[in-house]
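[1] Requesting a structural model of the entry that follows:
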Amino acid sequence: MSNYYLLDDPILLQYAFYPRDEVSPCPEYAFDINVPVDEDIEVSCRFFMSDSSYPTLLFFHGNGEVASDYDGIAPYFFKLAQVNLVVAEFRGYGASSGLPSFAALVADAHPLYGAVAAELSARDYNESLWLMGRSMGSVAALELAYHYPEDIKGLIIESGFMCAARIARRLGIPIEEPELELLEDECLQKALGIKIPALIIHGDKDSLVPVVEAYNLEKELGSEKKELLLIPGAEHNTVMMLGLEQYFAAIRDFVRDKK
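    Below is the predicted model:
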């Protein structure tokens, strides 16, 4: 069991998660599945599929986002990165039921991964699966990268961090220091244990998750092959927009190189 439950104080959760229940009809190139993760709780995944021969990114979105937000973004992944995209939500976001928490974010990643892999196989898609976590989604992506090194080809972290405890400390959120240290140690050991290839993308003007987190992640990941791409002038939510060509070229080249 992960020590991330230490951050699940009701007051902290009010600061940490911003769930939205917005759901759009699927575009013609997408379909949804709901994955049971707990008793009477399901988490939704939207599959944006362009080409059955493409590898697939299992993508954990950022805070305040939902799968529907990627309806118009997914074609960029198709055209510029040549990958399919599966966006997994958090509890309480989009079409997903339940309430979000850090413990659930970590625990739910496992059944979500299993369901996505099974769906790709059942539909006869290329089963080459990659992980991507943006911002808060990096928590889930790092969890899976650590636990499934034989099955996952590579890890991409965008605007993310090694441990949410560091972000909580920086924001001055009232949490007991011993608890923060316990969680930070767990996250560090997990990062050191990740050996699959990794790509880190970050804006050099990010004021929410400072660029030092990207440098720390590059240093602390145990991956032998790891790359860091900084997008000049980009804030936390403008990395893709300001670095469009670099962003998708880096993903395309990373996936191609690590096939």
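
[2] Ala141: what's it in contact with?
    Phe60, Ala109, Leu131, Met132, Gly133, Leu155, Ile156, Ile157, Gly160 (CB atoms under 8 Å, 6 or more residues apart in numbering). In short, each C-beta sits where N, CA and C put it, glycine included.

[3] Mind checking which of those residues are in strands?
    Phe60, Leu131, Met132, Gly133, Leu155, Ile156, Ile157 (DSSP state E).

[4] And the contacts of Ala141, which is closest to Pro75?
    Of all the contacts of Ala141, Pro75 sits closest to Met132, with 16.3 Å by CB to CB.

[5] Enumerate every residue touching Leu7.
    When the contact criterion is CB under 8 Å, 6+ apart, the partners of Leu7 are Ala16, Phe102, Ala164, Ala165, Ala168, Ile175, Leu183.

[6] hmm, try it at 10 Å
    Going by CB atoms under 10 Å, 6 or more residues apart in numbering, Leu7 touches 13, 16, 101-103, 105, 139, 163-165, 167-168, 173, 175, 179-180, 183.

[7] cool, and Gly62?
    Gly62 makes contact with 18, 69, 133-138, 158-160, 208-209, 236-237, according to CB under 10 Å, 6+ apart.

[8] Show me which helix or strand of the chain is least confident by mean pLDDT.
    Every helix and strand of the chain was ranked by mean pLDDT, DSSP states H and E. The lowest is helix 164-170, at a mean of 75.

[9] avg pLDDT for the following helix or strand past it?
    Per DSSP states H and E, helix 164-170 leads on to helix 177-193 as the next helix or strand towards the C-terminus. Averaging pLDDT along helix 177-193 gives 86.

[10] Output helix 177-193 as PDB, nothing but the C-alphas.
    Extracted as PDB, the C-alpha positions of helix 177-193 are listed here (Å, rounded to 0.1, in the frame of the first residue of the first chain):
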ATOM      1  CA  GLU A 177       6.800  17.000   8.300                       C
ATOM      2  CA  PRO A 178       7.400  13.300   9.300                       C
ATOM      3  CA  GLU A 179       4.500  12.300   7.000                       C
ATOM      4  CA  LEU A 180       6.000  14.300   4.200                       C
ATOM      5  CA  GLU A 181       9.400  12.800   4.600                       C
ATOM      6  CA  LEU A 182       7.900   9.300   4.700                       C
ATOM      7  CA  LEU A 183       6.000   9.800   1.400                       C
ATOM      8  CA  GLU A 184       9.000  11.600  -0.200                       C
ATOM      9  CA  ASP A 185      11.300   8.600   0.700                       C
ATOM     10  CA  GLU A 186       8.800   6.200  -0.900                       C
ATOM     11  CA  CYS A 187       8.600   8.300  -4.000                       C
ATOM     12  CA  LEU A 188      12.300   8.500  -4.300                       C
ATOM     13  CA  GLN A 189      12.800   4.800  -4.000                       C
ATOM     14  CA  LYS A 190      10.100   4.300  -6.600                       C
ATOM     15  CA  ALA A 191      11.800   6.700  -9.000                       C
ATOM     16  CA  LEU A 192      15.200   5.000  -8.500                       C
ATOM     17  CA  GLY A 193      13.500   1.700  -9.300                       C
END
